[in-house]
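Student: I need the structure of the sequence given here:
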Amino acid sequence: MTANEVNMEKLTDTKIVHFGSVSMTMEPSRSTTFTAIQRAKAAGAKISFDPNLRQMMWDNLQDAKEQILRGIAFSDYVKLSEEELIFLTDGNNLEQRMLSLLHDNKMSFLIVTLGSQGCLCLYKENFYRSYAYNVPCVDTTGAGDAFWGMALHKILKHNSDEWKQDEILNLLRFANAAGSLTTVRKGAISAIPTMEEKDGQKDRLTSTEQHLQRVKIKKPTGQELLSCFIGFIYFSCPNFKSNVQYW
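Tutor: This is a model prediction of the structure:
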């Protein structure tokens, strides 16, 4: 894909532009990707990046590292897996590695997903931990996309660059719920529950008492959980389609 094939007007008339690293594996799509996000950012859009690294798609892993770090440099909201964080950074622990990325870039949020252990968020050099939900896991496909879709949904609803501790924990808790809910059956898109199923699925989400006491917010409703899924969010949230462009 070349820049001439992209409708740049859509990218400059949106609140968030989200992209991944698959389109960065080769030319001309690599240059097109960076042209698109630079134009969107110049027009005032926030940039969201989930590398979703697929090592087999890259001819050279050093090139993969360099291009992903280049993408992070343009981004306001970054989601990495634990494996991607280790691939991209040096450090004795996750916190050191995350701080090194924050210090080298100007992102608002850096969130690292930790599988069944939940996630770790870095915001203004403060760390926030949210634990995963206790669900019968069948298939983890799409869990990261669901997690990040809900995070972006919460960011859009918040509509501010300033966050309080309880607001961050609320975002992380709902994102974790979204990712957890995706794993209870096989598939990615096919794992998204229908409205008729929402109440039954909602009852299967149980977090630790310690986490619930610390966050002190109610359990999410089925509608709130369903609104999280990237892709599905285009059809379930009235304002999301015009506010987010997915690269």
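Student: Which helix or strand contains the residue nearest to the spatial centre of the chain?
Tutor: Closest residue to the average C-alpha location of the chain: Trp148 at 2.6 Å, with C-alpha atoms, centre = their mean. Element membership for Trp148, per DSSP states H and E: helix 143-158.
Student: Centre of the chain to that helix, how far?
Tutor: In terms of C-alpha atoms, centre = their mean, to the nearest Å, the centre of helix 143-158 is set 6 Å apart from its chain centre.
Student: Now do the buried residues in it.
Tutor: By neighbour count with 16 or more other C-beta atoms under 10 Å, helix 143-158 contains the buried residues 143-156. From N, CA and C alone the C-beta is placed, and that goes for glycine too.
Student: okay if I get those as JSON lines plus pLDDT?
Tutor: As requested, the buried residues of helix 143-158 are arranged in JSON lines below (pLDDT from 0 to 100):
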{"residue": "Ala143", "pLDDT": "85"}
{"residue": "Gly144", "pLDDT": "87"}
{"residue": "Asp145", "pLDDT": "86"}
{"residue": "Ala146", "pLDDT": "84"}
{"residue": "Phe147", "pLDDT": "88"}
{"residue": "Trp148", "pLDDT": "91"}
{"residue": "Gly149", "pLDDT": "87"}
{"residue": "Met150", "pLDDT": "86"}
{"residue": "Ala151", "pLDDT": "92"}
{"residue": "Leu152", "pLDDT": "92"}
{"residue": "His153", "pLDDT": "87"}
{"residue": "Lys154", "pLDDT": "91"}
{"residue": "Ile155", "pLDDT": "95"}
{"residue": "Leu156", "pLDDT": "93"}
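Student: Quick check: longest helix in this protein by residues?
Tutor: Longest helix of the chain, by residue count under DSSP state H: helix 165-182.
Student: pull the CA atoms of that helix into CSV?
Tutor: Written as CSV, here are the backbone C-alpha positions of helix 165-182 (Å, rounded to 0.1, in the frame of the first residue of the first chain):
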residue,chain,number,x,y,z
GLN,A,165,-5.2,7.0,40.4
ASP,A,166,-8.7,5.7,40.7
GLU,A,167,-9.4,6.6,37.0
ILE,A,168,-6.3,4.7,35.8
LEU,A,169,-7.2,1.6,37.9
ASN,A,170,-10.7,1.7,36.6
LEU,A,171,-9.4,1.8,33.0
LEU,A,172,-7.0,-1.1,33.7
ARG,A,173,-9.7,-3.2,35.5
PHE,A,174,-12.2,-2.9,32.6
ALA,A,175,-9.4,-3.6,30.0
ASN,A,176,-8.5,-6.7,32.0
ALA,A,177,-12.1,-7.8,32.1
ALA,A,178,-12.3,-7.4,28.3
GLY,A,179,-9.2,-9.5,27.7
SER,A,180,-10.4,-12.2,30.2
LEU,A,181,-13.9,-12.4,28.7
THR,A,182,-12.3,-13.1,25.3
